[in-house]
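Undergrad: structure, please.
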Amino acid sequence: MTETIEGHSGRLAVAVAQAHGVETMFTLSGAHVFPMYDGAVQADPPMRLLDVRHEQTAAFAAEATGKLTRIPGLAVLTAGPGVTNGVSAIAQAQFAGSPMVVVGGRAPQNRWGSGSLQELDQPPIVSSVSKLARTIMTADGVLAGMDEAFVAARSPHRGPAFVDVPMDEFFNTASGPAPQPPERHRLEPDGDDVAGVAALLAQARRPVLVLGTDVWADGAEEAALRFVQELGIPTLTNGMGRGIVPGGHELLVTKARSLALGGADLVVVVGTPLDFRLGYGVFGGKEEGSVPARVVHVADSPGQVATHAELAGSVSGDLTAVLDGLQATVERGSKPDWADWRSTLADAVAAASARDAELLGAEADPIHPARIYGELVPRLADDAVVIGDGGDFVSFAGKYVEPKRPGGWLDPGPYGCLGAGPGAAIAARLARPSSQVVLLLGDGAAGFSLMDVDTLVRHGLPVVMVMGNNSAWALEKGPMQMLYGYDVIADLAPRTPYDAVVQALGGAGETVTDPRQIGPALDRAFDSGVPYLVNVITDVEAGYPRSTFGI
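TA: Predicted structure coming up:
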């Protein structure tokens, strides 16, 4: 016999969220969603309420929770500006494939059209950046409507779902079947597609594998590592694919990225779009007489397979099934011999590592940003969670930080939204309470959300924040100089003591101007047990080397 649940809409909504595995509600207090708070408090067990200083941080925390736990994060935003303040994070989740549910407050239906406070039809605003956006018009529809949102968010291809409930209906009571834990539905890949890609692999002489965020999101990290190691295929990673092949592994060729992608005859891209980060799916062919690599795109769902690129093959479906199927099919034939190609790339990796050592140990004054990573990387535990929130400074992180385990790297993804870092740090500290949590901040990015250090302090969430402070919007300053020979509106106040801001909010920190003091400052930060900002003054002229503008 099916159990029945009864209560106001907030209690029903929380029950559905808990059935889907949600433990924390990220929010900023608003009367339109009071029933959600009562539902969290009265639930058995209660749901954690974590309140922030800006709704964007609540939504970014929910987005990062979805990434880290692979269970949809939950943000509850009050009506009107509460919802619109969360739209950038919703868009980031859409671009990155992060499972999250946003519940919005909404002006009461019995006053609709008469100008009540924050009366706004929100789903049309959110619909273009979400998998689902709808109003649940009555209390009777909350159980089914909330379940629909969570199922949409967690189903491949994952992403954000948005629902709002009129305030009067939020307070109304309804009943219905008690929510049940969801079932996972796996999409089986087409066998002919798998066989076709396996044939391309068997024929390739210089293949490269690229593993992206969806490999982690789909729970395929073990299958991916088996595939890499058993076939011996050189591999690059991006997004939350980082760490699937552990840093330092002989088949991880990130440090030889240009040679790998430029010299490959076959590039197999799994779980990430063929966007600007991957040359829009065109690899090699730049040298006279050379031919571009053949490209295979593997995605978790049919709609994610690239349509703008010329593909030699594609597969969609459950990524564990795809990777295991490809490996088994290739191994049934003569195992390809890629030893010479591996050796070539290994030599390039070794040469790059030797070049990197000079910058990682640089004694330059002002400090070269790379020196920060020369001190930070040896201090990172294997299970550390590293979060990037910035432009040039975080680009250096992408080059020098190679996670040892999957699920330990967070960046904004292809949407490139600044200000996501403090929300992600909150999420990481809750999801990984025993791990190091390191937030890498540009001084520009800090201006978006540094106030939410107050949230870290109030909720007792220690995070090590490392800032590369070059007093500029360096990601724009350099390219503008490349275009025009000068730059405008690209400078910030010099040497701003952002660590003093953190101290004023109840945390701790210090400014570092001597490269020899970076390491000791990091040690103090890790030992502090509080939110701690190491504000490193860096050389604005030492920008991340770029030949394009990222478009």
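
Undergrad: residue 261: what secondary structure?
TA: Each residue gets one of three states, and residue 261 gets helix by DSSP: H, G, I helix; E, B strand; the rest coil.

Undergrad: show the contacting residues for it.
TA: By CB atoms under 8 Å, 6 or more residues apart in numbering, the contact list for residue 261 reads 208, 236, 267, 278-279, 283-284, 293. Every C-beta, even on glycine, is put in place using the N, C-alpha and C of the backbone.

Undergrad: what does the pLDDT read for it?
TA: pLDDT for residue 261: 96.

Undergrad: also residue 549?
TA: So residue 549 comes in at 57 (pLDDT).

Undergrad: now do the buried residues in stretch 84-93.
TA: 84-93 (16 or more other CB atoms under 10 Å).

Undergrad: just the closest of the residues you listed to residue 61, please.
TA: residue 89 (8.6 Å; CB to CB).

Undergrad: which non-adjacent residue is nearest the closest one?
TA: residue 59 (3.3 Å; CB to CB, 6 or more residues apart in numbering).

Undergrad: ditto for residue 29
TA: residue 51 (6.1 Å).

Undergrad: how many neighbours does the residue nearest to residue 89 have?
TA: 34 (other CB atoms under 10 Å).

Undergrad: which residues touch it?
TA: Counting by CB under 8 Å, 6+ apart, residue 59 has contacts 26, 75, 77, 85-86, 88-90, 100, 102, 423.

Undergrad: what do you get if the cut-off is 6 Å, keeping everything else the same?
TA: Counting by CB atoms under 6 Å, 6 or more residues apart in numbering, residue 59 touches 75, 86, 89.

Undergrad: how far off centre is the helix or strand where it lies?
TA: Residue 59 is part of helix 55-69, with elements assigned from DSSP states H and E. Put simply, helix 55-69 sits 9 Å off its chain's centre (CA atoms, centre = their mean, to the nearest Å).

Undergrad: CA atoms only: put it into PDB for me.
TA: Extracted in PDB, the C-alpha atoms of helix 55-69 (Å, rounded to 0.1, in the frame of the first residue of the first chain):
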ATOM      1  CA  GLU A  55      21.200  34.800  -4.200                       C
ATOM      2  CA  GLN A  56      23.900  34.300  -6.800                       C
ATOM      3  CA  THR A  57      26.000  32.500  -4.200                       C
ATOM      4  CA  ALA A  58      23.100  30.200  -3.200                       C
ATOM      5  CA  ALA A  59      22.600  29.200  -6.800                       C
ATOM      6  CA  PHE A  60      26.300  28.800  -7.500                       C
ATOM      7  CA  ALA A  61      26.500  26.600  -4.300                       C
ATOM      8  CA  ALA A  62      23.600  24.400  -5.600                       C
ATOM      9  CA  GLU A  63      25.300  24.200  -9.000                       C
ATOM     10  CA  ALA A  64      28.600  23.100  -7.500                       C
ATOM     11  CA  THR A  65      26.800  20.600  -5.200                       C
ATOM     12  CA  GLY A  66      25.300  19.000  -8.300                       C
ATOM     13  CA  LYS A  67      28.800  18.700  -9.800                       C
ATOM     14  CA  LEU A  68      30.500  17.300  -6.700                       C
ATOM     15  CA  THR A  69      27.800  14.900  -5.500                       C
END
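
Undergrad: widest-spaced pair of the contacts of residue 261?
TA: Pairwise over the contacts of residue 261, using CB to CB, the maximum falls at 236 and 284, 13.9 Å.

Undergrad: higher neighbour count, the two?
TA: residue 236 (23 against 20).

Undergrad: surely that one meets residue 210?
TA: Yes. Between residue 236 and residue 210 there is a contact at 4.9 Å, judged by CB atoms under 6 Å.

Undergrad: returning to that earlier point: CSV for the contacts of residue 59, including secondary structure?
TA: Output for the contacts of residue 59, formatted as CSV (three-state DSSP):
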residue, secondary structure
75, strand
86, coil
89, helix
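
Undergrad: closest one of these to residue 306?
TA: Closest to residue 306, out of all of the contacts of residue 59 and judged by CB to CB, is residue 89, at 25.4 Å.

Undergrad: wait, the closest one sits on residue 63?
TA: Yes. Taking contacts as CB under 6 Å, residue 89 lies within contact range of residue 63: 5.2 Å.

Undergrad: surely residue 149 is in a strand?
TA: No. Using three-state DSSP, the assignment for residue 149 is helix, not a strand.

Undergrad: for it, which non-adjacent residue is closest in space?
TA: residue 161 (4.0 Å).

Undergrad: for residue 93, same thing?
TA: Residue 93's closest residue in space is residue 160 (CB to CB, 6+ apart), at 4.1 Å.

Undergrad: residue 441 and residue 144: what is the separation?
TA: 42 Å (CB to CB, to the nearest Å).

Undergrad: neighbour-wise, which of those two wins?
TA: residue 441 (30 against 15).

Undergrad: so what does the host helix or strand of that one touch, helix or strand wise?
TA: Counting by DSSP H and E, the element that carries residue 441 is strand 437-442. Packing partners of strand 437-442 (3 or more CB pairs under 6 Å, 6 or more residues apart in numbering; DSSP states H and E): strand 385-389, helix 392-400, helix 421-431, strand 464-469.

Undergrad: just give me the closest of the contacts of residue 261 to residue 116.
TA: residue 278 (47.7 Å).

Undergrad: doesn't that closest one lie inside a strand?
TA: No. Counting by three-state DSSP, residue 278 is not found in a strand; it is helix.

Undergrad: can you get me a residue count around it?
TA: 22.

Undergrad: please report the distance of it from residue 247.
TA: 20 Å.

Undergrad: how about residue 268?
TA: Between residue 268 and residue 247 the distance is 21 Å, computed by CB to CB.

Undergrad: need the per-residue pLDDT for the nearest residue to residue 429 once chain neighbours are set aside.
TA: In this structure, residue 429 finds its nearest non-sequential neighbour in residue 461, 4.2 Å apart by CB to CB, 6+ apart. At residue 461, the predicted lDDT confidence score is 98.

Undergrad: same thing with the one 3 residues further on?
TA: Model confidence at residue 464, expressed as pLDDT, equals 98.

Undergrad: likewise residue 191?
TA: For residue 191, pLDDT reads 96.

Undergrad: how many neighbours does the nearest residue to it once chain neighbours are set aside have?
TA: Spatial nearest neighbour of residue 191, chain neighbours left out: residue 325 (7.6 Å); criterion: CB to CB, 6+ apart. Neighbour count of residue 325, defined by other CB under 10 Å: 23.

Undergrad: please flag which of the buried residues of stretch 84-93 sit within helices.
TA: The members of the buried residues of stretch 84-93 that map onto helices under DSSP state H are 84, 87-93.

Undergrad: mind putting these into TSV with pLDDT?
TA: Listed next are these as TSV, based on pLDDT from 0 to 100:
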residue	pLDDT
84	98
87	98
88	97
89	98
90	98
91	98
92	97
93	98
